[in-house]
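Student: okay, sequence plus prediction incoming.
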Amino acid sequence: MMVSWWGLMCRGNGLQLVRRGLSMGPSALALSLEEELRKSIISQSLRSAGDPTRPGIIQRRPTTPSNRHTALIDRSLLFKGRPVPFLTTGLVKSGGRNSRGVITVRHRGGGHKRLYRFIDFKRGQHLDREGRVKRIEYDPNRSGFIALIQHDPLVGDDGRMLDKKMDRYSYILCPQGINIGSRVVASREVAVDVKPGNAMTLRNMPIGTVVHNIEMSPGRGGQLCRSAGTSAQLLEKNEERKLALLRLTSKEIRYVSWNCLATVGSVSNPEHKNESLGKAGRNRWKGRRPHVRGVAMNPVDHPHGGGEGKSSGGRPSCSPWGQLAKGFRTVRRNKCSPLIVRRRYE
């Protein structure tokens, strides 16, 4: 077997083998190089055989107290470069404060810098234009992964391009089962193939289809089933009312207009719910500040505060303003939507 020395050196381990070969004979060095090449080919084939949309969990060896409880998503198959510059913008942190500087969401602040990726929830910019999945990326602003789509160019009758190169790219929510090189398309008028990544109206979908990124009003963009591993199932289509019945991941059953757009498949990264951060510092990296227990406060600060020694609070769990935290329904019965057939808590 002929071995390319330069090819092996570019793999990273070849330079070490060449240094090691100075103390070897020619035949031993050739066998060692061939063995390293075989191992690298096998590792690359195993890496390419994995599914980047359904990554596993990495359990670390318990060498430290934090590693003992750490279980993280394996992102080794995702794209490792920076996002597309013209599809991103800087994200300004609010620290949980509103426009008047008042804290309206507690326990927010700090964290790593982020770039916001513009996601095409409407799929309206490239309707009826096929695209190819260029890469699958990590997005720090959501639990699921995103896919970069390169759409086919618009060509005029004279053969000239009618769109700019940057207009052919867009980010979408990455569904499970999609691969690099897969073709996807979105259409509001006609039915397209029922395969992950394709988008069409619920009117054109067969009964029983699993969908995500579902619109609640036609043309508004996807609002339902956008987080990691979520999906909904199409149960029936009402031709008289022009509505489609969906069962969501939360077991809620509701109607939406059958002219609403939805994407076939489930959102990627279904193992996100099994991730364990393992230490407090990883929460701080995400911009989550510590929560202080009410029983550790004074009576002036929390209903559970005060008492002699370690007390349990003396009343059901509640917020600092007395709002019950466990079992109390905050939804208003008189404001229930008539499109909801069964609520998630019933």
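Tutor: All right, it came through fine.

Student: phi, psi of residue 264?
Tutor: Note on residue 264: backbone dihedrals following degrees, to the nearest 10 are phi -70, psi 140.

Student: what's the closest non-adjacent residue to it?
Tutor: Nearest non-adjacent residue to residue 264, counting by Cβ to Cβ, 6 or more residues apart in numbering: residue 198, 5.1 Å away. Where you see a C-beta, it was placed from the backbone N, CA and C, and this is true even at glycine.

Student: neighbours of that neighbour, how many?
Tutor: Counted with other Cβ atoms under 10 Å, residues neighbouring residue 198 total 22.

Student: ok, it touching residue 261?
Tutor: No. Using Cβ atoms under 8 Å, residue 198 makes no contact with residue 261, being 10.9 Å away.

Student: need the residues touching each of those two.
Tutor: Residues touching both residue 198 and residue 261 (Cβ atoms under 8 Å, 6 or more residues apart in numbering) are residue 186.

Student: mind jotting down where the helices sit in the stretch 201-346 of the chain?
Tutor: 280-285 (DSSP state H, counting those that start in this stretch).

Student: no, scratch that, I was asking about the stretch 1-150 of the chain
Tutor: Taking DSSP H, counting those that start in this stretch as the criterion, the stretch 1-150 of the chain carries its helices at 5-10, 14-21, 26-49, 65-68.

Student: any idea how far the shortest one is from the chain center?
Tutor: Centroid separation between helix 65-68 and its chain, computed with Cα atoms, centre = their mean, to the nearest Å, is 26 Å.

Student: my guess is residue 174 meets residue 136, correct?
Tutor: Yes. Between residue 174 and residue 136 there is a contact under Cβ under 8 Å: 5.4 Å.

Student: and the residue lying closest to residue 249 once chain neighbours are set aside, how close does it get to residue 267?
Tutor: Once flanking residues are discounted, residue 249 sits nearest to residue 230: 4.7 Å by Cβ to Cβ, 6+ apart. From residue 230 over to residue 267 the distance is 5 Å, taken as Cβ to Cβ, to the nearest Å.

Student: give me the more crowded residue out of those two.
Tutor: Each of residue 230 and residue 267 has its neighbours counted (other Cβ under 10 Å); residue 267 has more, 26 against 19.

Student: nearest spatial neighbour of that one, skipping sequence neighbours?
Tutor: Distances taken as Cβ to Cβ, 6+ apart put residue 144 closest to residue 267, at 4.3 Å, once the chain neighbours are dropped.

Student: and residue 75, by the same measure?
Tutor: In space, residue 75 is closest to residue 138, 5.6 Å off (Cβ to Cβ, 6+ apart).

Student: surely the one you found touches residue 78?
Tutor: Yes. If you go by Cβ under 8 Å, residue 138 and residue 78 touch, sitting 5.2 Å apart.

Student: anything in contact with each of those two?
Tutor: Counting by Cβ under 8 Å, 6+ apart, the common neighbours of residue 138 and residue 78 are residue 145.

Student: quick check, pLDDT for the nearest residue in space to residue 120 that is not next to it in sequence.
Tutor: Among residues not flanking residue 120 along the chain, residue 170 sits closest, at 4.4 Å (Cβ to Cβ, 6+ apart). Reading off the confidence values, residue 170 has pLDDT 95.

Student: tell me which helix or strand residue 170 sits in.
Tutor: strand 169-173 (DSSP states H and E).

Student: any buried residues in that strand, and which?
Tutor: By neighbour count on 16 or more other Cβ atoms under 10 Å, the buried set for strand 169-173 is 169, 170, 171, 172, 173.

Student: one more: stretch 149-165?
Tutor: For stretch 149-165, a neighbour-count test (16+ other Cβ under 10 Å) marks 149, 151 as buried.

Student: how about residues contacting that stretch?
Tutor: 120, 126, 129-134, 168-172, 184.

Student: what is the most widely separated pair among those?
Tutor: Spanning the widest gap among the contacts of stretch 149-165 are 130 and 171, at 16.7 Å by Cβ to Cβ.

Student: distance to residue 93 added to the buried residues of strand 169-173, as a markdown table?
Tutor: Shown next, in a markdown table, are the buried residues of strand 169-173 (distance: Cβ to Cβ, whole Å):
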| residue | distance to residue 93 |
| --- | --- |
| 169 | 27 |
| 170 | 26 |
| 171 | 22 |
| 172 | 26 |
| 173 | 24 |
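
Student: which residues touch residue 181?
Tutor: 132, 133.

Student: no, scratch that, I was asking about residue 315
Tutor: Residue 315 neighbours (Cβ under 8 Å, 6+ apart): 303, 304.

Student: again, only this time at 10 Å
Tutor: Residue 315 sits next to 294, 303, 304, 322, 324 when contact means Cβ atoms under 10 Å, 6 or more residues apart in numbering.

Student: so how far is residue 119 from it?
Tutor: As judged by Cβ to Cβ, residue 315 and residue 119 stand 43 Å apart.

Student: cool, and residue 90?
Tutor: Going from residue 90 to residue 119 by Cβ to Cβ gives 16 Å.

Student: neighbour count winner among those two?
Tutor: residue 119 (19 against 8).

Student: now the more buried one, nearest residue through space, not along the chain?
Tutor: Excluding its sequence neighbours, the residue lying closest to residue 119 (Cβ to Cβ, 6+ apart) is residue 171, at 5.1 Å.
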